[in-house]
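[1] return a 3D structure for these sequence lines:
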Amino acid sequence: MYLLQFPPSTTPLPPEASRPPYVVFAINCRDCVAQLPGNVPLALITHFAPKFQEWVLPKPDNLSPGTIRAALTTPYVGMNILADIEATGLAWILVRMLQLGSLPVDKKFFIFNPSLSISISIHKAWLALELPLGGLAGLHVHMQTLLMYGRPVVFAEMKALWSMFPTTSPVLRAMADNFVRSHMAKKYTQPQFSAIRHWYLGDMARYRFFVPYENRTPGFSQVQEELIAQIVADKVKAEKAQAKVMEQIHSRNVASQRRRRSDASSRSVDTMIHDPRQESRERRREERNKATLSDSSYSKPVDSTELMKKMAIAQQQTPMGNEKA
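    Here you go, the predicted structure:
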């Protein structure tokens with residue numbers, strides 16, 4: 001928070017600086033209340049940055065009685081900031097104002113070592129509020145330190161820093177040194193490095209600024225060639241791995257097809273040896289044959305010779321008197 005300094009003319013604070021109404025913030029018509037400290041007095045922030053007064057919204061009409069009573073208890077005023085400002089950077093500035101006004105601040109906003117991306121956001125918000133550039137001197141030293149001893153600068157940060165500072169700025173020089181040092185340590189992938197290099201080679205001002213850092217760094221081109229060779233090797237390795245996977249898939253498919261054919265053959269043999277339907281048909285046929293044989297035992301065919309003998313015997317036994325009569 002102490003990286004930001006307001007002009008001496010902002011002290012002492014006016015008596016009403018700590019009094020309501022409090023501001024409900026929006027940035028470009030988007031609610032950002034949860035990302036900013038609460039209970040920020042309008043009088044305080046307009047004292048430090050008069051630019052805020054341009055974005056104060058008029059009081060709404062036709063409010064309900066409940067809303068009017070709430071406004072009388074704790075008055076609020078709306079503010080829609082129409083500028084290139086991010087809530088992260090604005091929060092740092094508001095917290096610094098609250099500190100100077102001896103007002104309470106939620107502990108979650110106390111971060112004393114902002115990252116490079118947050119520092120860029122603070123810088124943009126400070127300029128959007130039309131505050132004196134000299135108040136960012138401490139922040140610029142902090143950014144320079146991060147570039148000299150911190151992680152590799154990324155492409156988005158390089159573009160933002162280039163748009164903020166002149167080519168004579170020590171921040172940009174530290175950025176260029178960071179880029180070259182990170183490249184020599186192979187901290188960038190080939191696509192990342194190519195994107196950055198194409199960016200600064202595509203503009204004459206950037207070309208004149210960055211190319212001297214390349215020329216005075218031995219082995220700069222060699223590392224680039226090694227990155228390209230690594231990409232080729234990785235591609236070949238990936239292709240071989242893909243071919244191996246495809247071969248394994250093909251082998252599994254062939255084995256699966258063979259198993260399916262073997263299973264089908266086994267089922268065919270089992271069907272020929274043991275067919276439940278055929279057994280059922282044969283069982284029904286045997287039952288019909290048995291029934292036919294059983295019926296034939298009760299209705300045997302009559303022998304004609306035996307029948308004639310019985311008729312002759314019957315005639316002989318007939319009385320003569322009956323015959324005459």
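
[2] so which other helices or strands are in contact with the longest helix seen in the chain?
    In the chain, taking DSSP state H as the definition, the longest helix is helix 220-273. Contact partners of helix 220-273 among helices and strands, from 3 or more CB pairs under 8 Å, 6 or more residues apart in numbering; DSSP states H and E: helix 170-184, helix 190-201. C-beta: built from backbone N, CA, C; applies to glycine.

[3] what angle sits between that helix and helix 190-201?
    Calculated by axes from the mean of the first three to the mean of the last three CA atoms, to 10 degrees, helix 220-273 forms an angle of 140 degrees with helix 190-201.

[4] by how many degrees do helix 220-273 and helix 170-184 diverge?
    50 degrees.

[5] tell me who's in contact with residue 186.
    Residues in contact with residue 186 (CB atoms under 8 Å, 6 or more residues apart in numbering) are 223, 226-227.

[6] same check, this time on residue 208
    Residue 208 neighbours (CB under 8 Å, 6+ apart): none.

[7] how near is it to residue 215?
    The gap separating residue 208 from residue 215 is 12 Å, by CB to CB, to the nearest Å.

[8] kindly report the same for residue 148.
    Residue 148 is 21 Å from residue 215, by CB to CB.

[9] those two: who's more crowded?
    residue 148 (14 against 10; other CB atoms under 10 Å).

[10] I'd say the more buried one and residue 174 touch.
    Yes. Residue 148 lies in contact with residue 174 (CB atoms under 8 Å); the separation is 5.2 Å.

[11] flag the helix or strand of this protein with the lowest per-element mean pLDDT.
    Ranking every helix and strand in the chain by mean pLDDT, DSSP states H and E puts helix 320-324 at the bottom, with a mean of 46.

[12] how does the chain divide into domains?
    Using automatic domain parsing, the domains assigned to the chain come out as 1-132, 151-238.

[13] chain center to the last one: distance?
    So the one you mean is domain 151-238. Domain 151-238 has its C-alpha centroid displaced from the chain centroid by 28 Å (CA atoms, centre = their mean, to the nearest Å).

[14] what is the end-to-end distance of it?
    The straight-line separation of the ends of domain 151-238 (CA to CA, to the nearest Å) is 30 Å.

[15] now the strands: where do they sit in the chain?
    Using DSSP state E, the strands of the chain run over 22-27, 30-31, 76-81.

[16] nearest to residue 246, of those strands?
    strand 30-31 (49.3 Å; CB to CB).

[17] quick one: mean pLDDT over the closest one.
    Throughout strand 30-31, pLDDT has a mean value of 92.

[18] just to revisit the earlier point, quick one: least confident of the contacts of residue 186?
    residue 227 (74).

[19] can you count the residues close to the nearest residue to residue 188 once chain neighbours are set aside?
    Nearest non-adjacent residue to residue 188, counting by CB to CB, 6 or more residues apart in numbering: residue 182, 6.2 Å away. The tally of other residues near residue 182 (other CB under 10 Å) stands at 18.

[20] could I get the contacting residues of residue 182?
    Applying CB under 8 Å, 6+ apart, the residues near residue 182 are 152-153, 188.

[21] which ones among those are found in helices?
    Going by DSSP H, the helices hold none of these.

[22] tell me the spacing between residue 6 and residue 180.
    For residue 6 relative to residue 180 (CB to CB), the value is 37 Å.

[23] same thing with residue 155?
    Distance from residue 155 to residue 180, by CB to CB: 15 Å.

[24] please say which of the two ends up with more neighbours.
    residue 180 (17 against 14).

[25] that one contacts residue 215, doesn't it?
    No. Residue 180 lies out of contact with residue 215 (CB under 8 Å); the separation is 10.5 Å.

[26] give the contact list for residue 121.
    Counting by CB under 8 Å, 6+ apart, residue 121 touches 86, 88-89, 92.

[27] columns neighbour count on top of these, output as CSV?
    Putting the contacts of residue 121 into CSV (neighbours: other CB atoms under 10 Å) gives the following:
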residue, neighbour count
86, 18
88, 19
89, 23
92, 22
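
[28] which one of those is nearest residue 16?
    When those are compared against residue 16 (criterion: CB to CB), the nearest one is residue 92, at 24.1 Å.

[29] quick revisit: now, the contacts of residue 121 that are in helices?
    Using DSSP H, the contacts of residue 121 in helices are 88-89, 92.

[30] and which of those residues is nearest residue 141?
    Out of the ones in helices among the contacts of residue 121, the member with the shortest distance to residue 141 (by CB to CB) is residue 92, at 15.8 Å.

[31] quick one: the closest one from residue 99, how far?
    11 Å.

[32] let me know the closest of the ones in helices among the contacts of residue 121 to residue 57.
    When these are compared against residue 57 (criterion: CB to CB), the nearest one is residue 89, at 21.6 Å.

[33] quick one: that closest one and residue 123 touch, right?
    Yes. With contact defined as CB under 8 Å, residue 89 and residue 123 form a contacting pair (7.3 Å).
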